[in-house]
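Participant: Compute the structure for the input listed below.
(one chain, ligands or ions: 1)
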Amino acid sequence: MTVLVLGGAGYIGSHTVYELIDLGEDVVVADNLQTGHIEAIHSKARFYKGDIRDKEFLDNIFKNEKIDAVIHFAANSLVGESMTNPLKYYDNNLFGTMILLKSMLEHNVDKIVFSSTAAVYGEPEKIPIFENDNTMPTNTYGETKLSMEKMFKWVSKANGLKYVSLRYFNACGAHASGNIGEDHTPETHLIPLVLQVPLKKRKYISVFGNDYETPDGTCIRDYVHVTDLAYAHISAVDYLKHGGDNNIFNLGNGCGFSVLEVIEAAKKVTGYDIPVEISPRRAGDPAKLVASSDKAKTILHWTPKYGSLEKIIESAWIWHKNHPSGFLS
Ligand code: UFG
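Facilitator: Presented below is the predicted three-dimensional model:
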């Protein structure tokens, strides 16, 4: 089977490519390298540099390669940036996906697995969050991802496209080989920022708010290892290949950890003290986000291997320690 991974040089995309190649699949990567890293692309994948908004670029890939399924990670994903520059998100995420679907239809490629997000739910009404709970995004990023899901739904009705949408919670950790890991500029995610303290790149970690309605007052999130996310994408491709119908799945570990618990776990893993500074709340942060992933476990037979927060942080620590400047190290 040949799988086209759009955004295969990015964080979750590159980890998925590694797992696909480990399984002996034929992989084509397309990435504009705007946020992805050429060093993250597996040497056994065939790489096309370009942008999904460029239809000729996509047409050329579909002409050259016999693609059986697409895994689509190529999107902008910074919540804060999406609020100051919403049109960037409509352009890359929504318009880009529209061009992609046009090209797929023209080349009779009818299977797509899509990287969606917990941000589609907005402020949840109850925990854990189920796939059929209300979707009320509180930021442009989540809104564009939800609109992309809907685009698949309507194109499916009209043109027979088959899709799986994977709504992930907090992706983290790094590949067991130590070759690839998280490298965002700017970095906004909690775990890599916490690990910058023992790396002597920052003196303390700012905790955004300690007055939430949670046991220790800090936000609770569901942290899920990037390799476990990669497995879910592969299971989803398999599910579609075997005639599975359009579907949406949450991907999380089903247990929540507070910001202070993450910092405690990072202290244990690294053996360093990690000073904390309490800062004001960050706009748009829900108090608690925890997934029910029962549906993915039942239907996709997804079995996350990294259940423990410490194991997740350990894998991230190995990557960051050996690559203090990310892929430039
Ligand atoms: N946090 C801090 N200090 C920091 C960074 C983060 O206290 O320096 C806190 C945040 O306020 C939040 C938690 O740590 O409570 C996790 O924050 P992240 O930025 O790591 O992750 P988010 O939960 O904000 O975002 C994640 C994904 C997004 C997705 C969102 C869905 O990274 O892509 O979940 O709500 F949109």
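
Participant: In the stretch 201-329 of the chain, which residue sits nearest the ligand?
Facilitator: Taking C-beta to the nearest ligand atom as the measure, the stretch 201-329 of the chain has Cys219 as its residue closest to the ligand, at 3.0 Å. All C-beta atoms are positioned from the backbone trio N, CA, C, and that covers glycine.

Participant: how far away is that residue from Asn170?
Facilitator: Distance of Cys219 to Asn170, computed by C-beta to C-beta, to the nearest Å: 10 Å.

Participant: the more surrounded of those two?
Facilitator: Remark: of Cys219 and Asn170, Cys219 carries more neighbours, 25 against 20, as counted by other C-beta atoms under 10 Å.

Participant: you'd agree the residue of the stretch 201-329 of the chain closest to the ligand is up against Gly284?
Facilitator: No. If you go by C-beta atoms under 8 Å, Cys219 and Gly284 don't touch, sitting 11.2 Å apart.

Participant: Any idea how many residues pack against the residue nearest to Asn92 when sequence neighbours are not counted?
Facilitator: With C-beta to C-beta, 6 or more residues apart in numbering as the measure, Asn76 is the residue that lies nearest to Asn92, at 5.0 Å, once sequence neighbours are left out. Counted with other C-beta under 10 Å, the neighbours of Asn76 add up to 18.

Participant: Over to Lys295?
Facilitator: Using other C-beta under 10 Å, Lys295 is surrounded by 18 other residues.

Participant: thought it was touching Leu251?
Facilitator: No. The criterion here is C-beta under 8 Å, and Lys295 misses it with Leu251 at 9.9 Å.

Participant: hey, what's in contact with both of these two?
Facilitator: Counting by C-beta atoms under 8 Å, 6 or more residues apart in numbering, Lys295 and Leu251 have no shared contacts at all.

Participant: Whichever strand or helix holds Ile21 and the ligand in contact?
Facilitator: Assigned by DSSP states H and E, Ile21 belongs to helix 11-22. No. Remark: helix 11-22 sits outside contact range of the ligand, by C-beta under 6 Å from any ligand atom, the gap being at least 9.9 Å.

Participant: what residues does that helix touch?
Facilitator: 3, 5-8, 27, 29, 31, 36-37, 40-42, 44-45, 71, 73-74, 115, 168, 171, 175, 177, 179-184, 226-227, 229-231, 233-234.

Participant: Any buried residues in that helix, and which?
Facilitator: Residues 11-21 are the ones in helix 11-22 that count as buried (16 or more other C-beta atoms under 10 Å).

Participant: gap between stretch 28-35 and the chain center?
Facilitator: Using C-alpha atoms, centre = their mean, to the nearest Å, the distance from the centre of stretch 28-35 to the centre of the chain it belongs to is 15 Å.

Participant: Start and end of it, how far apart?
Facilitator: 18 Å (C-alpha to C-alpha, to the nearest Å).

Participant: got the buried residues for stretch 150-158?
Facilitator: Buried residues in stretch 150-158, counting neighbours by 16+ other C-beta under 10 Å, are found at 151-152, 155-156.

Participant: Pipe these into CSV and attach distance to the ligand and pLDDT per row.
Facilitator: Below are those laid out as CSV (distance: C-beta to the nearest ligand atom, whole Å; pLDDT from 0 to 100):
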residue, distance to the ligand, pLDDT
Met151, 19, 98
Phe152, 19, 98
Val155, 24, 98
Ser156, 24, 98
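
Participant: and those, which of them are in strands?
Facilitator: In strands, judged by DSSP state E, none of the buried residues of stretch 150-158 are found.

Participant: list the helices and strands the host helix or strand of Glu277 packs on?
Facilitator: Assigned by DSSP H and E, Glu277 belongs to strand 276-279. With contacts taken as 3 or more C-beta pairs under 8 Å, 6 or more residues apart in numbering; DSSP states H and E, strand 276-279 sits against strand 205-208.

Participant: Next, see if the strand it packs on gets close to the ligand.
Facilitator: Yes. Using C-beta under 6 Å from any ligand atom, strand 205-208 reaches the ligand at 205-208.

Participant: Now that we have those, which of them are buried?
Facilitator: 205, 207-208.

Participant: check contacts around the residue of the chain most remote from its centre.
Facilitator: If you look at how far each residue of the chain sits from its centre, by C-alpha atoms, centre = their mean, the farthest one is Asp273, at 29.2 Å. Contact analysis of Asp273 by C-beta under 8 Å, 6+ apart lists Lys267.
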